[in-house]
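**Student:** got a sequence here, can you model it:
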Amino acid sequence: MSLTRIILFAVLTLGATAASASDLGRDDFGYGITLRVDGAAPTYRVAVPLHVYQHTVRSDLGDIRVMNGSGEIVPYALRHAAGVAQSRAAAKLLPLFPLRGTSTEPSASLKLRLQSGNASIDIERPAVGAAMTRINGYLLDARSVTEALSTLEINWASDAGDFSSRLQLEASDDLNTWRAVADGPIINLHYAGQQFQQRRLDTPRVSARFFRLSWTDAPPAIEITSVSVEPALAQQDVKRLTLSAPAKPVTAEPGTYLMDLGAHIPLDRVNLDLPQINTIATVSFETRNDATADWRQISRASLYRLQSTDGAELHNPAIAIPLTTARHWRVRVSHAGGGLGHGVPVFVAGWLPDEVLFVARGKPPFELLYGSSEAKPAAVAVLALGPSAPAGSATPPMREATLSTPFSVGGPERLAAAHPKLNLRLATLWTVLLAGVTLLGWMAWRLLRRLG
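**Tutor:** Numbers count the residues shown, from 1 in each chain. Predicted structure coming up:
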């Protein structure tokens, strides 16, 4: 074999061995779950079950894959769950009172008597004269609204003439002191069978007992018939899953406890179930990624378990912490106040599962494979799973896949050590690499000898 052929053979063998070493098959993963799809969508999503967090090697879930029925890896992405949900209460009509005359002050246009007990307004109108027929503004009673407001919807008669003007919104809690909140255009135009209307007045989040609307320029020849308010978006915590782990006391350090969650779940809430009632304790929570790393404090909080006068128990809420996937935890209880008393606490982790988004490419069944000491992260960006929708258009909903019961594929040994076949590949790779370097050195030595 010529020298050129030897070099070419070494390079091809090196490339083939490297490619095979990075290629993982179904049996290279410890476990699998069948992903059932209905075939009605190109992409699907599924929440990662606890078993995956318990039987993967990497805390970033880098050792998972989605495979189709032909044994091909399909594109997939990982997405963290949102910890808060946004909701909005239904729009509500507010009681509306016109303010007539030359002033927009309610006291000048109306005689108001507030009855806070039943949340009502008694109105006495002054005698109507020529100067009192014009409407300069409107008083809105918002005492029945408990949420902050973000938008007002202004309504007028359907046969109203054309106008273009601006409304100003002011807020007050006592009808005496007013503060400007927002202003914006209100428009009603018709031309050649077309209609253009601007009825919404957007405001920053605002809460008040009363609001006042007034025209910033000459009032148009219309009368506002009703005003509905749209509450601002409210955020509330999504209900977490919980995972409990018994605390193991550290004999040499009273008040110190160790916990192993047995999984690297993405948790952002922690708590302790205190063993004795009428306990108040200051506790620090510490984490580390493995059993040999240094401990790092992640939170310090006061916990309590008290009995109320009616016999019910009062517990502190869960403690919010930065998102972490640490498996090992240490709790240190301050001795001030007597610690925890008798008994051992239980560590409670609150968490939200990640989502796996995947493309249903190829024939089913699709499988979620996980648990491999050889796998490297292969997830793509979420946006790479499909083109983004044009502005103003609705994106098609992503369908939910259903999960089967987890089953063994390559077995738990795939998590503990490298696959023997992969060790052989790696040894072959290094052998060919060293042989190639030796060959190149020998060629250089021969060339130097010939050149003297």
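**Student:** so Pro204 sits in a strand?
**Tutor:** Yes: Pro204: assigned to a strand according to DSSP: H, G, I helix; E, B strand; the rest coil.
**Student:** list the contacts of it.
**Tutor:** Ser150, Val181, Ala182 (Cβ atoms under 8 Å, 6 or more residues apart in numbering). Where you see a C-beta, it was placed from the backbone N, CA and C, and this is true even at glycine.
**Student:** which ones are touching the closest residue to the last one other than its chain neighbours?
**Tutor:** Excluding the flanking residues, the one nearest Ala182 by Cβ to Cβ, 6 or more residues apart in numbering is Thr203, at 4.1 Å. Residues in contact with Thr203, defined by Cβ under 8 Å, 6+ apart, are Leu149, Ser150, Thr151, Leu152, Leu169, Val181, Ala182.
**Student:** the same query, at a cut-off of 10 Å, please.
**Tutor:** 148-152, 169, 171, 181-184, 211, 229-230, 232 (Cβ atoms under 10 Å, 6 or more residues apart in numbering).
**Student:** so how far is stretch 357-373 off the chain centroid?
**Tutor:** 24 Å (Cα atoms, centre = their mean, to the nearest Å).
**Student:** which among the contacts of Thr203 end up buried?
**Tutor:** 149-152, 169, 171, 181-184, 211, 229-230, 232 (16 or more other Cβ atoms under 10 Å).
**Student:** relative to Arg305, how far out is the spatially closest residue to Gly343 that is not a sequence neighbour?
**Tutor:** Nearest residue to Gly343 in three dimensions, chain neighbours excluded: Pro275, at 2.7 Å (Cβ to Cβ, 6+ apart). As defined by Cβ to Cβ, to the nearest Å, Pro275 lies at a distance of 9 Å from Arg305.
**Student:** now the common contact residues for the two.
**Tutor:** Leu340, Pro345.
**Student:** okay, the two: which has more neighbours?
**Tutor:** Arg305 (20 against 15; other Cβ atoms under 10 Å).
**Student:** residue contacts, that one?
**Tutor:** By Cβ under 10 Å, 6+ apart, the residues touching Arg305 are 272-281, 313-316, 340, 345.
**Student:** by neighbour count, which of the residues you listed wins?
**Tutor:** Leu272 (26 neighbours).
**Student:** look up which residues are beta-bridged to that one.
**Tutor:** Leu272 has these beta-bridge partners by DSSP bridges: Phe347.
**Student:** isn't it up against Asn316?
**Tutor:** Yes: applying Cβ atoms under 10 Å, one finds Leu272 in contact with Asn316, separated by 9.0 Å.
**Student:** could you pull up phi and psi at Val52?
**Tutor:** Backbone torsions for Val52, taken as degrees, to the nearest 10, come to phi -70, psi -40.
**Student:** mind checking how far it is from Ala401?
**Tutor:** 14 Å.
**Student:** now do the shared contacts for the two.
**Tutor:** By Cβ under 10 Å, 6+ apart, Val52 and Ala401 have these common neighbours: Ile33, Val356, Leu368.
**Student:** domain map for the chain?
**Tutor:** Using automatic domain parsing, the domains assigned to the chain come out as 3-81+354-432, 92-235, 241-351.
**Student:** now the most centrally placed residue in the chain. Nearest residue, chain neighbours left out?
**Tutor:** For the chain, the residue sitting closest to the mean C-alpha position, by Cα atoms, centre = their mean, is Ala82 at 1.4 Å. Nearest residue to Ala82, sequence neighbours excluded (Cβ to Cβ, 6+ apart): Val238, at 6.8 Å.
**Student:** and the one you found, what's its pLDDT?
**Tutor:** Confidence at Val238, expressed as pLDDT, is 87.
**Student:** where are the low-confidence patches of the stretch 251-400 of the chain?
**Tutor:** Applying pLDDT under 70 to the stretch 251-400 of the chain flags residues 386-397.
**Student:** which residues of it fall in strands?
**Tutor:** Using DSSP state E, counting those that start in this stretch, the strands of the stretch 251-400 of the chain run over 256-260, 267-273, 279-288, 296-307, 313-315, 319-324, 328-333, 346-351, 355-359, 366-370, 399-400.
**Student:** what's the burial count for Arg100?
**Tutor:** Neighbour number of Arg100 under other Cβ under 10 Å is 21.
**Student:** surely it is in contact with Leu139?
**Tutor:** No: contact between Arg100 and Leu139 fails when scored by Cβ under 10 Å: they sit 11.1 Å apart.
**Student:** so where do the helices sit in the stretch 351-452 of the chain?
**Tutor:** According to DSSP state H, counting those that start in this stretch, the stretch 351-452 of the chain carries its helices in the segments 413-416, 420-451.
**Student:** average pLDDT for the last one?
**Tutor:** The predicted model assigns helix 420-451 a mean pLDDT of 73.
**Student:** and stretch 69-86, by the same measure?
**Tutor:** On average, stretch 69-86 scores 88.
**Student:** what's the spacing between that stretch and its chain's center?
**Tutor:** Worked out by Cα atoms, centre = their mean, stretch 69-86 lies 14 Å from the chain centre.
**Student:** with stretch 287-302 instead?
**Tutor:** With Cα atoms, centre = their mean, you get 24 Å for stretch 287-302.
**Student:** name the residues that touch it?
**Tutor:** By Cβ under 10 Å, 6+ apart, stretch 287-302 touches 59, 258-260, 264, 267, 270-272, 280-286, 316-322, 324-330, 332, 334, 337.
**Student:** just the buried residues of those.
**Tutor:** Buried among the contacts of stretch 287-302 (16+ other Cβ under 10 Å): 59, 258-259, 264, 267, 270-272, 281, 283-286, 316, 318-319, 321, 324-330, 332.
**Student:** okay, buried residues for stretch 215-223 please.
**Tutor:** For stretch 215-223, by 16+ other Cβ under 10 Å, it's Trp215, Pro219, Pro220, Ile222.
**Student:** and the residues you listed, which is closest to Thr431?
**Tutor:** Trp215 (87.3 Å; Cβ to Cβ).
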